[in-house]
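> Show me the folded form of this:
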Amino acid sequence: MKSVLITGANRSIGLETAKQFSEKGLFVYIGSRNLENGEAAVKELNEKGYQNIKAIEIDVTNPDSITAAKNRVENEQGKLDILINNAGILGINPQTASATSIQDIREVFDTNFFGVISVTQAFLNLLKKSESPRISNITSGLGSLTLHSDPSWKYYDVKTAAYGPSKSALNAYTIALAYELKDSPFKVNVIDPGYTATDFNHHSGPGSVERAASFIVKHTLTDENAPTGEYFSNDIEDETGISPW
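As a prediction, the model looks like this:
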């Protein structure tokens with residue numbers, strides 16, 4: 001049975017992604033910064049018939065927490081097949097470039113960028129034991145520099161000094177990691193689930209968590225011929241779903 005770890009998965013898109021992976025027969029670790037919240041999510045899923053799901057405490061900004069989570073997965077599974085770096089924060093609003101403090105920007109980057117790197121590097125050896133390892137870094141359309149430079153883009157006026165740049169940096173890191181692993185079975189991509197109605201944005205997005213999670217699963221459970229180092233977006237209206245960087 002393949003195993004998947006999803007960070008920040010005790011609610012919203014992460015939780016729905018866990019449900020959909022479970023439905024496809026994977027063993028799912030629901031990563032949660034607060035273990036009680038994760039266990040409550042697992043209990044709810046178990047009551048609805050979802051199996052092979054466990055909560056795991058992992059704070060992506062805490063090295064000791066990451067190491068403890070890695071050790072648990074290693075002891076219980078021996079390897080990891082899929083890592084979904086989903087945990088993320090928006091930060092304060094508004095986020096003007098002229099007034100957002102360095103401290104506030106650092107806080108967003110600690111979770112959205114440095115946290116992803118810390119988790120990825122910690123779990124890389126376990127992923128290398130998989131026959132078809134996958135790393136999906138959950139990004140946003142707000143991380144696309146090309147789209148942000150296009151006045152005709154529908155979200156052109158949504159500028160953030162912390163959140164968007166943290167996702168742009170994540171995209172750049174993903175390209176570097178995918179290149180490093182290109183001669184291996186790894187597929188490493190960034191996936192934008194689209195503007196989705198969640199607690200994250202006060203349910204202002206037009207998309208559903210079901211559609212967002214389905215997009216993540218689709219571009220993660222891929223075969224050996226699938227692309228790596230790509231940027232997929234649920235807001236791109238063509239069959240490829242490929243977004244400009």
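> Low-confidence ranges, the protein, go.
197-206 (pLDDT under 70).
> at 90 what do you get?
195-207, 237-239 (pLDDT under 90).
> contacting residues around stretch 101-121?
Contact partners of stretch 101-121, identified using CB atoms under 8 Å, 6 or more residues apart in numbering, comprise 7, 58, 60-61, 63, 66, 83, 85, 87-92, 95, 135, 137, 161-163, 165-167, 169-170, 173, 177. C-beta coordinates here come from the backbone N, C-alpha and C atoms, glycine included.
> And that stretch, end to end?
29 Å (CA to CA, to the nearest Å).
> where's the most centrally placed residue in the chain relative to Val60, distance?
The centroid of the chain falls nearest to Asn86 when counting by CA atoms, centre = their mean (2.5 Å). Using CB to CB, to the nearest Å, Asn86 is found at 10 Å from Val60.
> which residues do these two both contact?
Common contact partners of Asn86 and Val60 (CB under 8 Å, 6+ apart): Thr7, Gly8.
> Buried residues, the biggest helix by length in the chain. List them.
Ranked by residue count, the top helix of the chain under DSSP state H comes out as helix 163-180. Of the residues in helix 163-180, those buried by neighbour count under the rule 16 or more other CB atoms under 10 Å are 163-171, 173-175, 177-178.
> could those residues be laid out in CSV, adding distance to Pro193?
Below are those laid out as CSV (distance: CB to CB, whole Å):
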residue, distance to Pro193
Tyr163, 15
Gly164, 16
Pro165, 19
Ser166, 16
Lys167, 12
Ser168, 17
Ala169, 19
Leu170, 14
Asn171, 14
Tyr173, 19
Thr174, 15
Ile175, 19
Leu177, 20
Ala178, 19
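> Pick the one among these closest to Lys129.
Nearest to Lys129, judged by CB to CB, of the buried residues of helix 163-180 is Leu177 at 17.5 Å.
> Break down this structure into its strands, ranges please.
Assigned by DSSP state E, the chain shows strands spanning 3-6, 27-32, 53-57, 82-85, 134-138, 187-192, 231-233.
> Quick one: these as CSV, columns for distance to Thr17 too.
Below are the strands of the chain laid out as CSV (distance: least, CB to CB, whole Å):
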stretch, distance to Thr17
strand 3-6, 6
strand 27-32, 9
strand 53-57, 12
strand 82-85, 7
strand 134-138, 9
strand 187-192, 10
strand 231-233, 14
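> Output these in a markdown table, with distance to Glu44 and mean neighbour count appended to each entry.
Below are the strands of the chain laid out as a markdown table (distance: least, CB to CB, whole Å; neighbours: other CB atoms under 10 Å):
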| stretch | distance to Glu44 | mean neighbour count |
| --- | --- | --- |
| strand 3-6 | 15 | 26 |
| strand 27-32 | 11 | 27 |
| strand 53-57 | 10 | 20 |
| strand 82-85 | 19 | 28 |
| strand 134-138 | 22 | 26 |
| strand 187-192 | 25 | 26 |
| strand 231-233 | 29 | 24 |
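> These: which one's closest to Asp150?
Across those, Asp150 has its closest neighbour in strand 231-233 (13.9 Å, CB to CB).
> What is the closest one packed up against?
Here strand 231-233 touches strand 187-192, going by 3 or more CB pairs under 8 Å, 6 or more residues apart in numbering; DSSP states H and E.
> Fine by me, we can end here.
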